[in-house]
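[1] Structure for this input, please:
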Amino acid sequence: MNKNSLTLTLTQPRRSRQLRRLVIVLTLIAALAITGGCGIFGQQDEDELPENWPEEKLYLAAKDALASGQCGGAIEHYERLQTRYPFGPYAAQAQLELAYCHYKNEDPASALGAVDRFLQLNPTHVHTDYAYYLRGLTNFNIGRGLTSRVIARDPSQRDPGAALTAFKDFSTLVQEFPKSRYVDDAALRMRHLRNILAQHEVNVANFYMRRGAFVAAANRARNVVENFQQTPAMPEALVLLAKSYKVLEMNQLSNDALRVLELNYPNHPGIEEVNKTAVR
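    Numbers count the residues shown, from 1 in each chain. Sure, this is the predicted structure:
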């Protein structure tokens, strides 16, 4: 055997062993990378979940969702923020904006609950005026859902509870925050609500009149005359008051109501109705 062939015989096994060792080392490195990498990437993914976001990131994500009209996503972020950071610097504002999201989602119960929590926890907050305004808006729109928008319905025929509560909310805003930017709109809505509440009282008074409950009719009509002056329902309330008193043979009171009616609404057809009303 010559020298060259001997060298070849000796170097081939050595290279083969080195190659096998290299493959083993690379396999181990790959395995470690996979197992270790899973832990690293898993931790990174976990940190990126909304449940682990810092307060500011949650708040900004909620604001972005709200600005893009995605109230559902905004609500999710706001609620998560309040759960994780109930006393953080964004907590109060998030609660107020959460109430607005519920209002936009036509979920008045949740909206009112969020506003009430805000007012209870933050009575001197810089946006307390807006909280009362939003509360009034929420109550103002109760019962004005899709059905009522498609099928026109006289609002005075609905339960007046929400309208009365909305009126009180707007009244609180106007009285306690007279310089608020929301006062002008609140005052217009209060005027509208007064008209609705007055007409509702007249509707009830007419109901009692038809059933012969003249005392109850007089009480409802008198409530309008005393508390809802300068509303469109006022002349009809005076007619009902004069008629019910006349039926009850309370002539002086009937004449007083008729005199006010004639003085303020001289051409109202109800004047003739009162004169034709028979005593029981």
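[2] Please count neighbours and contacts with C-alpha atoms only from this point.
    OK.
[3] shaky segments in the stretch 1-150 of the chain?
    Along the stretch 1-150 of the chain, segments meeting pLDDT under 70 span 1-50, 145-150.
[4] Show me which residues of the host helix or strand of residue 76 are buried.
    If you go by DSSP states H and E, residue 76 is part of helix 71-84. Using 16 or more other C-alpha atoms under 10 Å as the test for burial, helix 71-84 gives 71, 73-75, 77-82.
[5] could I get those as TSV with distance to residue 219?
    Shown next, in TSV, are those (distance: C-alpha to C-alpha, whole Å):
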residue	distance to residue 219
71	46
73	50
74	49
75	46
77	51
78	48
79	48
80	51
81	51
82	49
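[6] closest to residue 231 among those residues?
    Nearest to residue 231 among the buried residues of helix 71-84, counting by C-alpha to C-alpha, is residue 71 at 38.3 Å.
[7] which residue sits closest to the most centrally placed residue in the chain, ignoring its sequence neighbours?
    The centroid of the chain falls nearest to residue 103 when counting by C-alpha atoms, centre = their mean (2.5 Å). Nearest residue to residue 103 in three dimensions, chain neighbours excluded: residue 111, at 5.4 Å (C-alpha to C-alpha, 6 or more residues apart in numbering).
[8] can you give me the helices in the stretch 101-250 of the chain?
    108-121, 128-140, 146-150, 161-176, 183-210, 214-227, 234-247 (DSSP state H, counting those that start in this stretch).
[9] The fifth one packs against which elements?
    Put plainly, it is helix 183-210. Using 3 or more C-alpha pairs under 8 Å, 6 or more residues apart in numbering; DSSP states H and E, the elements in contact with helix 183-210 are helix 161-176, helix 214-227, helix 234-247.
[10] Let's see that with 10 Å instead.
    Helix 183-210 sits against helix 128-140, helix 161-176, helix 214-227, helix 234-247, with contacts defined as 3 or more C-alpha pairs under 10 Å, 6 or more residues apart in numbering; DSSP states H and E.
[11] any idea of the mean pLDDT in that helix?
    In this model, helix 183-210 has an average pLDDT of 96.
[12] Flag every buried residue along that helix.
    Buried, per 16+ other C-alpha under 10 Å, within helix 183-210: 183, 186-187, 189-190, 193-203, 205-206, 208-209.
[13] got it, and stretch 230-237?
    Those would be 231, 233-237, for stretch 230-237 by 16+ other C-alpha under 10 Å.
[14] returning to what we had before: show residues contacting the helix holding residue 76.
    With contact meaning C-alpha atoms under 10 Å, 6 or more residues apart in numbering, helix 71-84 is reached by 50-68, 85-88, 90-105.
[15] Please list only the buried members of those residues.
    53, 55, 58-59, 61-63, 65-66, 86, 90-103.
[16] Give me the distance between the two termini of stretch 176-190.
    End-to-end span of stretch 176-190 (C-alpha to C-alpha, to the nearest Å): 15 Å.
[17] Please state the offset of it from the chain centre?
    18 Å (C-alpha atoms, centre = their mean, to the nearest Å).
[18] Stretch 250-270 too?
    Here the centre of stretch 250-270 is set off from its chain's centre by 44 Å, with C-alpha atoms, centre = their mean.
[19] what does stretch 210-229 give?
    Relative to its parent chain, stretch 210-229 has a centroid offset of 34 Å by C-alpha atoms, centre = their mean.
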